[in-house]
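>>> show me how the following folds:
(2 chains)
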There are 2 protein chains.
Amino acid sequence: MSAIIAIDVGGSQLRVNVYPPDGTTPKNEERGDTRGQKPGAYDRLTAVIDKAWPDEPVAAISVAVPGPVNPRKKIVIKTPNIPEWKNYPLAKKLTDRYHVPVFLGNDANLAALGEWRYGAGQGHHDLVYLTISTGIGGGVIIADRLLEGSRGMAAELGHVTVLPDGPLCSCGVHGHLEALASGLSIVRYVKEKIAQGQPSSLEDWQPSSENSDELTSKEVAKAALQGDALAKEAFIRAGEFIGQATADFLHAFNPTIVIFGGGVSKSWSLLDEAVQDSMRRHVMAPAYLDDLKIVPAELGDDAGLLGALAQAHLRLAKD
Amino acid sequence: MSAIIAIDVGGSQLRVNVYPPDGTTPKNEERGDTRGQKPGAYDRLTAVIDKAWPDEPVAAISVAVPGPVNPRKKIVIKTPNIPEWKNYPLAKKLTDRYHVPVFLGNDANLAALGEWRYGAGQGHHDLVYLTISTGIGGGVIIADRLLEGSRGMAAELGHVTVLPDGPLCSCGVHGHLEALASGLSIVRYVKEKIAQGQPSSLEDWQPSSENSDELTSKEVAKAALQGDALAKEAFIRAGEFIGQATADFLHAFNPTIVIFGGGVSKSWSLLDEAVQDSMRRHVMAPAYLDDLKIVPAELGDDAGLLGALAQAHLRLAKD
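As a prediction, this is how the structure comes out:
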């Protein structure tokens, strides 16, 4: 029986897990730093793979990439964290080196696949997954198949316009969901309101050994849970736009489950009510809500790796 | 060889076409009035089917319904034009009567399928279809399959929120695309501006034997083509929201073609530039536009019938 190597190329970490042919408990786990802004990301990746390589035969390598990939042409279209990888033939390079089939997928798409096969979405045929962290990504399963689109760029659910002429998104367009509900935009909202004189316990927030260098949504969540009104308001506002967009996704995909993952959704209690209220207000017919589940993700930081594992099993079964 | 009976249940007309096993030229066409607000719509439908029934064997009946259907359970969930048909087992009733397989589909979904198989979308694997008439409907093909969703209610593309707190939609929610860009909303915009004192050749519009009882988007289009500034503005405004929503659909589905059908899109020259400009402004990356086609529909009023025909062929091939 052959092992499967699943790889998650993250913004800061490269993770390489070796899985047995049947199971989700890795036999080996290795990590390295991505340092994607510096040349040599590919060599840093193969060094970790070499270290992780098992004694037994390997059936496939499956890679989750933080950016759009073309799954048919098997190239990385681009990834903001690794500028070198632009129209980059990652699969071919890895196949030439390791002589096994290599599969690529976008990390949010694969996280959706992971939740569907091993996590909160088990048993569902039509699933929407939204990951809310620094940015907002998405993944969609339709009739038990991953939605990829003509060039692998489908399910970019963070980039629906929720407020025309709203704040600028990381992609350069105004008013996308990511510009109004990501971790960065929650922090931006708090900072703007403080600058306008709204009182908050975060007014005097300073970097220290106990927290990060810059104010993050994690600190805002902590303040909200301690009762800070502005911090709570920032999450409720984000939740309202997430709910509005979720209604769009119900109308587009008619799923039976919507799963929220990513760092911000670890503060799900701060978002849940606002998301659900807003979703109900924007949905066109109650039938979309019958039997609909709205749940937090289950796989946490391993979603990308387990999604890559699921992708390997699905592709190997097909070939 | 057996014939296929394709049916389009329209708001005003029932159309029943008999197609040969291989071809899109009907061997027989029959029509009747829907009069869906009056009881007996099912009997009126079977009367037209009886009249159209051919001498040779029939392989299947395939019906396009103007509302959501559950294609797996084969029931009409509801249709605004025929209030009687609520959770209505139309397929079972027709099978019991005619002893042939019966397939149901939403009319906009089937129009997408028709354009994909016989019209503007031939050769494309990933397609978005938008029909703009009194209301706005949609259909999506993903990897050569019709997107239906868990209950057949997917691809309701007229009901994405494009302007939070915008005008009221027919479904009761504020700011959906349909409320800002349908034929009815174009007329409403013109009327509102005239009431506010904006000059227009449509100020003195009166019902007559040459036009309809009420001002429609067709008359607004005519005025726009004759140079009326307000009428032009109304189409441009609608086009801007359509373009914004189209960018959402590119991010969601990553198609290679977007097809515009329906009555309003017969005035495509009034919309084209505004739609494309707005789409380009709202899209997150130019890669979505590479090789993307934006085209008017080709099948006109027969889109539903030909979509029903395509559905019959696909289902018969599968069974």
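>>> distance check, the residue of chain A positioned farthest from its centre against A:Tyr288.
In chain A, counting by Cα atoms, centre = their mean, A:Gly197 sits farthest out from the average C-alpha position, at 34.2 Å. The gap separating A:Gly197 from A:Tyr288 is 41 Å, by Cβ to Cβ, to the nearest Å. For the C-beta atoms, the positions are set from N, CA and C on the backbone; glycine is no exception.
>>> for the worst-scoring helix or strand of chain A on mean pLDDT, which strands pair with it and how are they oriented?
None of the helices or strands of chain A scores lower by mean pLDDT, DSSP states H and E than strand A:69-70, at a mean of 88. Strand pairing for strand A:69-70, determined by DSSP bridges: strand A:75-76 (antiparallel).
>>> give me the helices and strands touching the following helix or strand past the strand it pairs with, please.
The first helix or strand that comes after strand A:75-76 along the chain, using DSSP states H and E, is helix A:90-98. If contacts are counted by 3 or more Cβ pairs under 8 Å, 6 or more residues apart in numbering or on different chains; DSSP states H and E, helix A:90-98 sits against helix A:41-52, strand A:58-65, strand A:75-76, strand A:102-106.
>>> pick the most buried one from the ones you listed.
strand A:102-106 (a mean of 26; mean count of other Cβ atoms under 10 Å in any protein chain shown).
>>> the helix or strand just after it vs chain B: in contact?
As assigned by DSSP H and E, the chain's next helix or strand after strand A:102-106 is helix A:107-118. No. In terms of Cβ under 8 Å from any Cβ of the partner chain, no part of helix A:107-118 sits within range of chain B; the closest distance is 11.2 Å.
>>> about what we covered before: contact partners of the least confident helix or strand of chain A?
Contacts of strand A:69-70 from elsewhere in the structure, counted by Cβ atoms under 8 Å, 6 or more residues apart in numbering or on different chains, are A:75-77, A:104-106, A:151-152.
>>> same thing but 10 Å
A:63, A:75-79, A:85, A:87-88, A:90-91, A:103-107, A:109-110, A:148-153, B:287 (Cβ atoms under 10 Å, 6 or more residues apart in numbering or on different chains).
>>> now restrict the residues you listed to buried residues only.
Those of those that meet the buried threshold are A:63, A:75-79, A:85, A:88, A:90-91, A:103-107, A:109-110, A:148-153, B:287, by 16 or more other Cβ atoms under 10 Å in any protein chain shown.
>>> which residues of chain A score low on pLDDT?
For chain A, applying pLDDT under 70 flags the ranges A:209-212.
>>> break it into its domains for me.
Here the domain assignment for chain A is A:3-112+A:301-318, A:123-297, based on automatic domain parsing.
>>> how about A:Pro255, secondary structure?
coil (DSSP: H, G, I helix; E, B strand; the rest coil).
>>> nope, A:Ala6 is what I was after
A:Ala6 ends up strand, using three-state DSSP.
>>> for A:Glu56, same thing?
coil.
>>> quick check: closest non-adjacent residue to it.
Nearest residue to A:Glu56, sequence neighbours excluded (Cβ to Cβ, 6 or more residues apart in numbering or on different chains): A:Ala3, at 5.5 Å.
>>> so how far is A:Gly304 from that neighbour?
For A:Ala3, the distance to A:Gly304 (Cβ to Cβ) stands at 18 Å.
>>> tell me which of the two has more neighbours.
A:Gly304 (29 against 22; other Cβ atoms under 10 Å in any protein chain shown).
>>> from the contact counts, what lies against the host helix or strand of that one?
Counting by DSSP H and E, the element that carries A:Gly304 is helix A:303-318. With contacts taken as 3 or more Cβ pairs under 10 Å, 6 or more residues apart in numbering or on different chains; DSSP states H and E, helix A:303-318 sits against strand A:3-9, strand A:13-19, strand A:58-65, strand A:102-106, helix A:107-118, strand A:127-132, strand A:145-146.
>>> and with 8 Å instead?
Using 3+ Cβ pairs under 8 Å, 6+ apart: helix A:303-318 touches strand A:3-9, strand A:13-19, strand A:58-65, strand A:102-106, helix A:107-118.
>>> and that helix, what's buried?
A:303-316.
>>> dump the residues you listed into JSON lines; add distance to B:Val18 as well.
As requested, the buried residues of helix A:303-318 are exported to JSON lines (distance: Cβ to Cβ, whole Å):
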{"residue": "A:Ala303", "distance to B:Val18": "52"}
{"residue": "A:Gly304", "distance to B:Val18": "53"}
{"residue": "A:Leu305", "distance to B:Val18": "55"}
{"residue": "A:Leu306", "distance to B:Val18": "52"}
{"residue": "A:Gly307", "distance to B:Val18": "49"}
{"residue": "A:Ala308", "distance to B:Val18": "51"}
{"residue": "A:Leu309", "distance to B:Val18": "52"}
{"residue": "A:Ala310", "distance to B:Val18": "46"}
{"residue": "A:Gln311", "distance to B:Val18": "46"}
{"residue": "A:Ala312", "distance to B:Val18": "49"}
{"residue": "A:His313", "distance to B:Val18": "47"}
{"residue": "A:Leu314", "distance to B:Val18": "42"}
{"residue": "A:Arg315", "distance to B:Val18": "44"}
{"residue": "A:Leu316", "distance to B:Val18": "47"}
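>>> spell out which residues of the stretch 1-150 of chain A are next to chain B.
By the rule Cβ under 8 Å from any Cβ, the part of the stretch 1-150 of chain A lying against chain B is A:68, A:77, A:125-126, A:140, A:142-143, A:145, A:147-150.
>>> taking the stretch 101-250 of chain A, what residue is nearest to chain B?
A:Gly149 (2.5 Å; Cβ to the nearest Cβ).
>>> hang on, that residue packs against A:Val140?
No. The criterion here is Cβ atoms under 8 Å, and A:Gly149 misses it with A:Val140 at 9.8 Å.
>>> hey, what's in contact with both of these two?
A:Ala155.
>>> how near is the closest residue to A:Asp8 other than its chain neighbours to chain B?
Nearest non-adjacent residue to A:Asp8, counting by Cβ to Cβ, 6+ apart: A:Gly304, 3.9 Å away. To chain B, A:Gly304 is 20 Å away according to Cβ to the nearest Cβ, to the nearest Å.
>>> what's near enough to touch A:Gly304?
Here A:Gly304 is in contact with A:8, A:10, A:15, A:64, A:107, A:110-111, A:114 (criterion: Cβ under 8 Å, 6+ apart).
>>> what about the closest residue in space to A:Gly139 that isn't next to it in sequence, how many residues nearby?
Closest residue to A:Gly139 apart from its sequence neighbours, by Cβ to Cβ, 6+ apart: A:Ala112 at 2.5 Å. By other Cβ under 10 Å, 34 other residues sit near A:Ala112.
>>> now, which of the residues of the stretch 1-150 of chain A next to chain B sits nearest A:Ala229?
A:Val140 (35.8 Å; Cβ to Cβ).
>>> which other residues reach the host helix or strand of that closest one?
Here A:Val140, judged by DSSP H and E, is contained in strand A:136-142. When contacts are defined by Cβ under 8 Å, 6+ apart, strand A:136-142 is touched by residues A:106-113, A:116, A:121, A:124-131, A:146-147, A:154-158, A:177-178, A:181-182, A:249, A:253, A:255, A:262, B:142, B:147, B:149, B:154, B:252.
>>> run the angle between it and strand A:127-132 for me.
Angle of strand A:136-142 versus strand A:127-132, following axes from the mean of the first three to the mean of the last three Cα atoms, to 10 degrees, is 170 degrees.
>>> strand A:136-142 pairs with which strands?
Take DSSP bridges as the rule and strand A:136-142 pairs in its sheet with strand A:127-132 (antiparallel), strand A:145-146 (antiparallel).
>>> so the residue nearest to A:Gly139 sits right up against A:Leu130, yeah?
No. Assessed by Cβ under 8 Å, A:Ala112 is found out of contact with A:Leu130, at 9.0 Å.
>>> residues that sit against both of those two, list them.
Counting by Cβ under 8 Å, 6+ apart, the residues touching both A:Ala112 and A:Leu130 are A:138, A:259.
>>> what does the stretch 151-300 of chain A put close to chain B?
A:151-157, A:159-164, A:169, A:171-173, A:176, A:244, A:247-249, A:251-256, A:281-285, A:287-288, A:290.
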